[in-house]
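Visitor: sequence and predicted structure below; questions after.
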Amino acid sequence: MKLRKTKNKRKNGCPLYGWPFLKSYVNIKKRKWGSDMIDAHVHIEHSHRFSDFINIYDSILENKDCGEYQREWLSRKSELRLSDYKDFINEMRKYKFPIEISFGHYPSSDFTNIYESLATALKESEMKAEFSNGLYINYGHKELGLNTDLLKILLDNNVQIVTASDAHRPEDVGKYIMEAKELIYKLILNRSTT
């Protein structure tokens, strides 16, 4: 199964890529996994935050469909100079903060109603949900992508899913995207056979 452009487009005309919801997927076992891969969320070392790197976005800014939107977005985001950021980091390293960061904690409550509300809002707004591998890649989170219960509810409500690595380093771009794709397809297959 190959990814394809969805009919939906951003207001500025840039196409969105995602997972078309499969109402009936009769011969899924006979199909081979496509080699197409969408990584919708990367940082590439946060270069967009710094005015020093603005010229690497020239080809995007010149795009007639995306340029105006991207220009406005970059003008808000790229106000820092890299040297100022480095100075700030070095200053903060002089202090010790009594903060410990809370990974591996899971809610003990049932969030089904909240997940259902979220899925309804996403569907009504024609928005997609991001299946991000970032916590798995960057922080050793035990589960790849979205919480499985949430993912099932999103699929049940026909919310389209877009895969992402949330790569913070160039070598992590695309990491585990094929595994994410396979996991999503397996859930779709299980839904279509029950």
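Guide: Noted; the coordinates are in hand. Residues are numbered from 1 along each chain as shown.
Visitor: lowest average confidence, helix or strand, in the protein?
Guide: strand 15-18 (a mean of 34; mean pLDDT, DSSP states H and E).
Visitor: what is the subsequent helix or strand relative to that one?
Guide: Following strand 15-18 in sequence order, the next helix or strand is helix 58-61 (DSSP states H and E).
Visitor: off-centre distance for the very next helix or strand once past that following helix?
Guide: Later in the chain than helix 58-61, the nearest helix or strand by DSSP H and E is helix 67-77. Counting by Cα atoms, centre = their mean, to the nearest Å, helix 67-77 is centred 20 Å from the centre of its parent chain.
Visitor: now Tyr85: how far from Met92?
Guide: Separation of Tyr85 from Met92 (Cβ to Cβ, to the nearest Å): 11 Å. All C-beta spots, glycine's among them, are computed from the backbone N, C-alpha and C.
Visitor: so which of the two has more stuff around it?
Guide: With neighbours defined as other Cβ atoms under 10 Å, Tyr85 and Met92 compare such that Tyr85 has more, 14 against 9.
Visitor: list the contacts of that one.
Guide: Counting by Cβ atoms under 8 Å, 6 or more residues apart in numbering, Tyr85 touches Arg49, Phe50.
Visitor: tell me what the lengthiest helix in the chain is packed against?
Guide: Secondary structure assigned by DSSP state H gives helix 177-192 as the longest helix of the chain. Applying 3 or more Cβ pairs under 8 Å, 6 or more residues apart in numbering; DSSP states H and E, one finds that helix 177-192 contacts helix 148-156, strand 161-164.
Visitor: so for it, what's the average pLDDT?
Guide: In this model, helix 177-192 has an average pLDDT of 88.
Visitor: buried stuff in that helix?
Guide: Using 16 or more other Cβ atoms under 10 Å as the test for burial, helix 177-192 gives Ile177, Ala180, Lys181, Leu183, Ile184, Tyr185, Leu187, Ile188.
Visitor: just how off-centre is it within its chain?
Guide: 16 Å.
Visitor: now stretch 186-194
Guide: The chain centre lies 23 Å from the centre of stretch 186-194; the measure is Cα atoms, centre = their mean.
Visitor: point out where this protein drops to low pLDDT.
Guide: Applying pLDDT under 70 to the chain flags residues 1-36, 44-45, 102-103, 192, 194.
Visitor: tell me the residue furthest from the middle of this protein?
Guide: Largest separation from the mean C-alpha position in the chain: Lys94, at 34.0 Å (Cα atoms, centre = their mean).
Visitor: thank you kindly, that will do.
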